[in-house]
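**Student:** need a structure here:
(chains A and B)
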There are 2 protein chains.
Amino acid sequence: MPQRDYLRDPAAIYRQSFATVRREAVLEHLPQAAHALAIRMIHSCGMVDLAGDIRVSDHAVEAGVGALQEGKPVLVDCEMLARGIIPSRLPAANAVICTLNESTVPQLAQDLSTTRSAAAVDLWAEHLDGGVVAIGNAPTALFRLLELLEKGAPHPAVILGFPVGFVGAAESKEELIENPFGIPYVTVRGRRGGSAIAAAAVNALAGGEAP
Amino acid sequence: MPQRDYLRDPAAIYRQSFATVRREAVLEHLPQAAHALAIRMIHSCGMVDLAGDIRVSDHAVEAGVGALQEGKPVLVDCEMLARGIIPSRLPAANAVICTLNESTVPQLAQDLSTTRSAAAVDLWAEHLDGGVVAIGNAPTALFRLLELLEKGAPHPAVILGFPVGFVGAAESKEELIENPFGIPYVTVRGRRGGSAIAAAAVNALAGGEAP
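**Tutor:** The predicted structure is shown next:
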């Protein structure tokens, strides 16, 4: 059988992928500074129509880039997201912190009558100030973060909020968009989201070659 | 500010999520045995319209369940996917093998003039026979697997093929659907795919409570 005719060169694959996204995605509603970020998010999920649901607040990109360059940690809600962050792109060997599997979380979740994902957010407290929050799975994690902020928790530099699914995902992201704290954010309205999009957002803010 | 009114009980969240997917997703084109699998895949990405792109060959579910129960390994193309597989669901403490970051891969990729993802597939050889292959990222990994099968590589029990993106993803999955090897498969036509969907497919085959 003949050798398959498919693109094998990694650099050419990246170029052609990003060219396709640039050609097809409508990004005009987003700040210019957020275009590269949005392109990476779209690239990660294969959906150019994601663009229409992406919301980026003013200065979110600048805040996220700045926080990472200052060496602030990245707080994530799940292990898949942690694994999607490319360490070599992080500008200051930033810590990537996932508290979901800490030993105290199951009991804390029971005490708070909530999910483990939400309880794990309570363990972020000491790292929140000026940090980068990325949520790629659990709506309850984003809801809990917003509750803690209402109670006076330190403000992160930026919230990358991409919980996914059918219960609370859309609602938690609408609350993020309406957030009265003035914290910069990036999100995707509706049910879509996930670890791949969240990791792409972190990797975009981390720097490296623009797409 | 009042306590937010959102669902916090994990079991209730799961129930309501799966009820929504069952209500909204059209699964009639799929084998009955694949409905639970498809529901989990849809749950992982928040998109009920994914259903229309899901293709499941005859006996794919039975082949995957059987292979896992026999203790066969799961071969994956990326670390995010590996992290999304829930070890406690695997029926035989099955190995989850990701060769992407093995030390020989960069040189092999250079020698083969291909991506690291494709080169990593060459290192699956000794584990392929009767195993479960899950691809959640790289089209070149799926293309390479099909090439190796053409060259006489041992047949896996099932191929869960979900490469994502703009270059080769749709094409590699069409080749999987047309595959002349008679190997059972699960896939999603088009550009969509990814680690979350792939992990959900593995977790569904691994067993546990049906959604």
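
**Student:** show me what the lengthiest helix in chain A is packed against.
**Tutor:** With residue count as the measure and DSSP state H as the assignment, chain A has helix A:10-24 as its longest helix. Counting contacts by 3 or more CB pairs under 8 Å, 6 or more residues apart in numbering or on different chains; DSSP states H and E, helix A:10-24 packs against helix A:35-45. Backbone N, C-alpha and C define where each C-beta goes, glycine included.

**Student:** what residues does the longest helix of chain A touch?
**Tutor:** With contact meaning CB atoms under 8 Å, 6 or more residues apart in numbering or on different chains, helix A:10-24 is reached by A:7, A:39, A:42-43, A:48, A:211, B:115-116, B:140, B:165-168.

**Student:** swap the cut-off to 6 Å and go again
**Tutor:** Outside helix A:10-24, the residues that touch it by CB atoms under 6 Å, 6 or more residues apart in numbering or on different chains are A:7, A:39, A:42, A:43, A:48, A:211, B:115, B:165, B:166, B:167.

**Student:** what's the neighbour count on the fourth one?
**Tutor:** Around residue A:43 there are 25 other residues, counting by other CB atoms under 10 Å in any protein chain shown.

**Student:** what's near enough to touch it?
**Tutor:** Residues near residue A:43 by CB under 6 Å, 6+ apart: A:17, A:21.

**Student:** switch the cut-off to 7 Å
**Tutor:** When contacts are counted by CB atoms under 7 Å, 6 or more residues apart in numbering or on different chains, residue A:43 touches A:17, A:18, A:21, A:200, A:211, B:165.

**Student:** what do you get for the fifth one?
**Tutor:** Counting by CB under 7 Å, 6+ apart, residue A:48 makes contact with A:21, A:24, A:25, A:42.

**Student:** who wins on neighbours among those residues?
**Tutor:** residue A:42 (28 neighbours).

**Student:** quick check: pLDDT value at that one.
**Tutor:** Per-residue pLDDT puts residue A:42 at 98.

**Student:** ok, it touching residue A:51?
**Tutor:** Yes. Using CB atoms under 7 Å, residue A:42 is in contact with residue A:51, at 6.2 Å.

**Student:** could you name every residue contacting both of these two?
**Tutor:** Common neighbours of residue A:42 and residue A:51 (CB under 7 Å, 6+ apart) are residue A:25.

**Student:** need the buried ones from the contacts of residue A:43 selected in ChimeraX.
**Tutor:** Remark: buried members of the contacts of residue A:43, expressed as a ChimeraX selection using 16 or more other CB atoms under 10 Å in any protein chain shown:
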select /A:17,18,21,200,211 /B:165
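
**Student:** quick one, which of the contacts of residue A:43 has the minimum pLDDT?
**Tutor:** Lowest-confidence member of those: residue A:211, scoring 70 (pLDDT).

**Student:** wasn't that residue part of a helix?
**Tutor:** No. Using DSSP: H, G, I helix; E, B strand; the rest coil, the assignment for residue A:211 is coil, not a helix.

**Student:** list the contacts of it.
**Tutor:** By CB under 7 Å, 6+ apart, residue A:211 lies in contact with A:18, A:36, A:39, A:40, A:43.

**Student:** please apply the same query to residue A:54.
**Tutor:** Counting by CB under 7 Å, 6+ apart, residue A:54 makes contact with A:30, A:38, A:41, A:188.

**Student:** any idea how far it lies from chain B?
**Tutor:** Going from residue A:54 to chain B by CB to the nearest CB, to the nearest Å gives 15 Å.

**Student:** then residue A:98?
**Tutor:** Here the criterion is CB to the nearest CB. By it, residue A:98 lies 10 Å from chain B.

**Student:** quick check: pLDDT value at that residue.
**Tutor:** In this model, residue A:98 is scored at 98, pLDDT.

**Student:** and what of the one 4 residues further on?
**Tutor:** Residue A:102 is assigned 98 on the pLDDT scale.

**Student:** that one touches residue A:121, doesn't it?
**Tutor:** No. Residue A:102 lies out of contact with residue A:121 (CB under 7 Å); the separation is 11.6 Å.

**Student:** if you count what's nearby, which of the two comes out ahead?
**Tutor:** Taking neighbours as other CB under 10 Å, residue A:102 and residue A:121 compare with residue A:121 leading, 29 against 13.

**Student:** tell me which element the more buried one is part of?
**Tutor:** Applying DSSP states H and E as the criterion places residue A:121 in helix A:116-122.

**Student:** the following helix or strand past that helix: how far from the chain's middle?
**Tutor:** Remark: after helix A:116-122, the chain's next helix or strand is helix A:125-128, criterion DSSP H and E. The chain centroid and the centroid of helix A:125-128 are separated by 17 Å under CA atoms, centre = their mean, to the nearest Å.

**Student:** can you spell out which helices and strands pack onto the helix or strand that helix A:125-128 is followed by?
**Tutor:** Using DSSP H and E, the next helix or strand after helix A:125-128 towards the C-terminus is strand A:132-135. Contacts defined by 3 or more CB pairs under 7 Å, 6 or more residues apart in numbering or on different chains; DSSP states H and E place strand A:132-135 against helix A:60-69, strand A:74-76, helix A:139-150, strand A:158-161, helix A:195-206.

**Student:** walk me through which strands strand A:132-135 pairs with, and which way each runs.
**Tutor:** When pairs are called by DSSP bridges, strand A:132-135 turns out to pair with strand A:74-76 (parallel), strand A:158-161 (parallel).

**Student:** quick check: mean pLDDT of that strand?
**Tutor:** Per-residue scores along strand A:132-135 average to 98.

**Student:** what about that strand, distance to the chain center?
**Tutor:** Centre-to-centre, strand A:132-135 and its host chain are 5 Å apart (CA atoms, centre = their mean).

**Student:** same check, this time on stretch A:104-116
**Tutor:** Relative to the mean C-alpha coordinate of its chain, stretch A:104-116 is positioned 24 Å out (CA atoms, centre = their mean).
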